[in-house]
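Q: Following is a predicted model, sequence given first.
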Amino acid sequence: MALFQQYILLVSIVEHTKYNGTGCFSGIQMVYDIYGDIDILTTPNNCYVNFAAGVTVFFDYTYKSQNKQIPIYACTFGCVEGEYNSTTLNFQDIATYRVKKTPALAAKFADFYTAFVDNRLIKMSLSIKFNTNGVQQTIKQFIDNKAATDTLGCIANDPQTPTYFGLALYTLVNPDGLIVQIRDVLTNKMNCDTGTGSTVKLDHYMIEGTNVDRRQLSVEINEYNEMIGLKVEPDLKYLQFRQQMSADTKSLIVISIADANGNIIYEICSYGQAFLGCFKQQALHIYKDKQCLRVTFDTLPLCQAQYLNDTNRNTIAIYYQDGLSYKAVGQYDLHVAMDYSKYSQETCFTCTEFNTAQIYVENTCSENQKRFLKEKVSKSILLVYTSYYEQILSDYIIFEYQNVWIPFVVTTILLTVLVASAVVSIYYNWVK
């Protein structure tokens, strides 16, 4: 399944019952560049709008019980394909409504972004008003899905990450805290110049019906660049919310970079499903001829329910830290299902499951394993790809190195002790 399937509130509210416009959109999303233009991307259905009679379009939002609007004007030049423009005749042809920031609207934009930064869950909607036989009709579509564009190219070198719809961020609601991870990125390091003294701020929302849990975190940019994802420690409210999660729980993730004066200079945002992390503890045991992953599962009913369709497609990838980057030790493709009905499970794998198509530090599986054993690095990470999660990243895994030479060393020590005892005995008898 796609990591971030888009979840949209598919409700169109139509004023005046003389016009039946319910379901005029099958998808809608707000894409913004912090403090700049706002694009409302839509998937229109077959609804009739009388453009010849005059149409007015608004971006609406409610903040602190006050309803506010920013007008959306039809594009007149430099229009992109599918954009609402002055020659539009068919509602079905419009895929983008651009809220253009102009000097005349600068104050309205400033008010909106002040409200949006304060509360990312303010109610927003797209309103289209037109006349039919002298009666005003309004199509109103609420917007839940939000994304921020990567205007600075901070993650442009990651081919797996879409840049227009924002970063592929996702949430793992683990027993020991909230994890926000950038998909397919082993370090957070930004590729753009964020300036000195800047701070990375996380503003995270989990939404279950009307129940909302908000988490915020701030870290220095240098510290952020060396981290893997972001982790927020749990509290009682977090644990209570986690108990109530369902398969429909959503997450809104906003990562901002603020300069030394606290002004936001860059922002990325993603909306999608919040994944309930069901691994309570993980330990990778390394032996000479195999490696074994031992997992203790959470016993929440949802953990068992959402993994019933595990399709025996699990992949384990191991990396170790080398400076500020991570090097791959190996990827292993397994055909063993995770059985979340159990308290714990051990899955062992060898070079038989090694994926030779991947590029690693050494050429072969055995060479990689020897290097890993030799390095005995303390900062290592393990990625587990399952048939439910596209990726689980755990940077807090317990690595237990099983020294294959322990039996030999122990035997050698025992033999040495025995020989020494014998020598002492012989010497004692000789002296005696």
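A: That came through, no problem.
Q: in the stretch 201-350 of the chain, what spans have low per-residue confidence?
A: Flagging of the stretch 201-350 of the chain using pLDDT under 70 yields the residue ranges 306-313, 319-328.
Q: Helices of that one, start to end?
A: Here the stretch 201-350 of the chain has its helices, by DSSP state H, counting those that start in this stretch, at 221-225, 236-243, 301-305.
Q: which one is K64 nearest to, not counting chain neighbours?
A: The shortest distance from K64 to any non-neighbouring residue, by Cβ to Cβ, 6 or more residues apart in numbering, is to A115 (7.7 Å). C-beta: built from backbone N, CA, C; applies to glycine.
Q: my bad, V99
A: Using Cβ to Cβ, 6+ apart, the nearest residue to V99 is I38, at 3.9 Å.
Q: now S366
A: Excluding its sequence neighbours, the residue lying closest to S366 (Cβ to Cβ, 6+ apart) is C351, at 6.1 Å.
Q: What is the neighbour count of the residue nearest to V99?
A: 22 (other Cβ atoms under 10 Å).
Q: Ok, K146 next?
A: Under the neighbour criterion other Cβ under 10 Å, K146 is assigned a count of 21.
Q: I'd guessed it sits against M30; true?
A: Yes: counting by Cβ atoms under 8 Å, M30 is a contact partner of K146 at 5.0 Å.
Q: circling back to that earlier point, need the three-state assignment for the residue nearest to K64.
A: Look at A115: counting by DSSP: H, G, I helix; E, B strand; the rest coil, its state is helix.
Q: Count the residues that sit near it.
A: Around A115 there are 18 other residues, counting by other Cβ under 10 Å.
Q: S270 too?
A: S270: 26 surrounding residues under other Cβ under 10 Å.
Q: ok, the residue nearest to C278 when sequence neighbours are not counted - how many residues close by?
A: Among residues not flanking C278 along the chain, C303 sits closest, at 3.7 Å (Cβ to Cβ, 6+ apart). Close neighbours of C303, defined as other Cβ under 10 Å, add up to 19.
Q: can you check T87 too?
A: T87: 10 surrounding residues under other Cβ under 10 Å.
Q: Ramachandran angles for it?
A: Main-chain dihedrals, T87, degrees, to the nearest 10: phi -100, psi 10.
Q: Send me the helix or strand harbouring L41 as CSV with only the CA atoms.
A: Assigned by DSSP states H and E, L41 falls within strand 38-44. What follows is strand 38-44 as a C-alpha-only set of coordinates in CSV (Å, rounded to 0.1, in the frame of the first residue of the first chain):
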residue,chain,number,x,y,z
ILE,A,38,-1.6,29.0,-2.0
ASP,A,39,-2.7,26.4,-4.6
ILE,A,40,-6.0,24.6,-4.1
LEU,A,41,-5.6,21.3,-6.1
THR,A,42,-8.8,19.6,-7.0
THR,A,43,-10.3,16.6,-8.7
PRO,A,44,-13.6,18.0,-10.0
